[in-house]
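Asks: this one's structure only:
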């Protein structure tokens, strides 16, 4: 079991360092930057979700018309409803090919990707803007991105983007750093479990490693 945990850690660690895949995504909506969410009958707590929701598209790259005086000369702009319909059509086609023998629900919608961003990016981007995401090849985790108002945003390389990560999007850097820390915890517990003899301590380490491994694989 220790080898299994260690192997999962290696898998997640290498995934961050392999050449990422670049995909264009469409910004769907923002979470509330400030607000409240009721947690009990005694009141509510303030919360902050610093995320953008993105949906991949395959037809062409949209951009946002900032005001009514702008002219869509390239005929690339489309309302959100049209983009959702295009994405749903692609999603349905892909699932029908993959699950030709199974029943497919027409109401199923594509899964959005949550992108952790810094506050400046959060307020710069709006619904309808384009992003170019760099996704890890195995787990499809966000490790970098560019947005339409960056210079050379369509063709800048992943290495250049990752070098500027500490400055351009520190929240995303912290996100990937947590992944590496979790990997180190999994490796340390896997190694220690080989030498720990007391049964109750070994069981505790095993349970803790299960939790950390689950967080590493499904969240980070």
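Replies: Thanks, I have the structure now. Given the structure is predicted, the values throughout are model-derived calculations rather than measurements.

Asks: now residue 177: how far from residue 50?
Replies: Residue 177 sits 16 Å away from residue 50, going by Cβ to Cβ, to the nearest Å. All C-beta spots, glycine's among them, are computed from the backbone N, C-alpha and C.

Asks: okay, the two: which has more neighbours?
Replies: In terms of neighbours (other Cβ atoms under 10 Å), residue 50 is the more surrounded of residue 177 and residue 50; the figures are 15 against 12.

Asks: the more buried one and residue 171, how far apart?
Replies: Taking Cβ to Cβ, one finds residue 50 at 6 Å from residue 171.

Asks: cool, residue 185 as well?
Replies: 21 Å.

Asks: now do residue 163
Replies: Residue 163 is 17 Å from residue 171, by Cβ to Cβ.

Asks: neighbours of residue 63, just the number please.
Replies: Residues lying near residue 63 (other Cβ under 10 Å) number 15.

Asks: next, residue 64: secondary structure please.
Replies: Following DSSP: H, G, I helix; E, B strand; the rest coil, we place residue 64 in the coil state.

Asks: still on that earlier bit, what sits in contact with each of residue 50 and residue 171?
Replies: Shared contacts of residue 50 and residue 171 (Cβ atoms under 8 Å, 6 or more residues apart in numbering): 116, 117, 118.

Asks: tell me the contacts of the last one?
Replies: Residue 118 makes contact with 50, 168, 169, 170, 171, 172 under the criterion Cβ under 8 Å, 6+ apart.

Asks: so the fifth one belongs to a strand, correct?
Replies: So the one you mean is residue 171. No - counting by three-state DSSP, residue 171 is not part of a strand but helix.

Asks: looking at the chain, which strand is longest?
Replies: Identified as the longest strand of the chain according to DSSP state E is strand 21-30.

Asks: list the contacts of that one.
Replies: Here strand 21-30 has contacts from 51-57, 61-62, 80, 83-84, 87, 112-113, 122, 125-137, 158, using Cβ under 8 Å, 6+ apart.

Asks: show me those residues that map onto strands.
Replies: Using DSSP E, the contacts of strand 21-30 in strands are 51-56, 113, 130-135.

Asks: can I get those in JSON lines including neighbour count and distance to residue 146?
Replies: Formatted as JSON lines, those follow (neighbours: other Cβ atoms under 10 Å; distance: Cβ to Cβ, whole Å):
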{"residue": "51", "neighbour count": "18", "distance to residue 146": "18"}
{"residue": "52", "neighbour count": "25", "distance to residue 146": "13"}
{"residue": "53", "neighbour count": "16", "distance to residue 146": "17"}
{"residue": "54", "neighbour count": "24", "distance to residue 146": "12"}
{"residue": "55", "neighbour count": "21", "distance to residue 146": "17"}
{"residue": "56", "neighbour count": "17", "distance to residue 146": "15"}
{"residue": "113", "neighbour count": "20", "distance to residue 146": "15"}
{"residue": "130", "neighbour count": "22", "distance to residue 146": "9"}
{"residue": "131", "neighbour count": "23", "distance to residue 146": "7"}
{"residue": "132", "neighbour count": "21", "distance to residue 146": "5"}
{"residue": "133", "neighbour count": "21", "distance to residue 146": "9"}
{"residue": "134", "neighbour count": "21", "distance to residue 146": "8"}
{"residue": "135", "neighbour count": "19", "distance to residue 146": "13"}
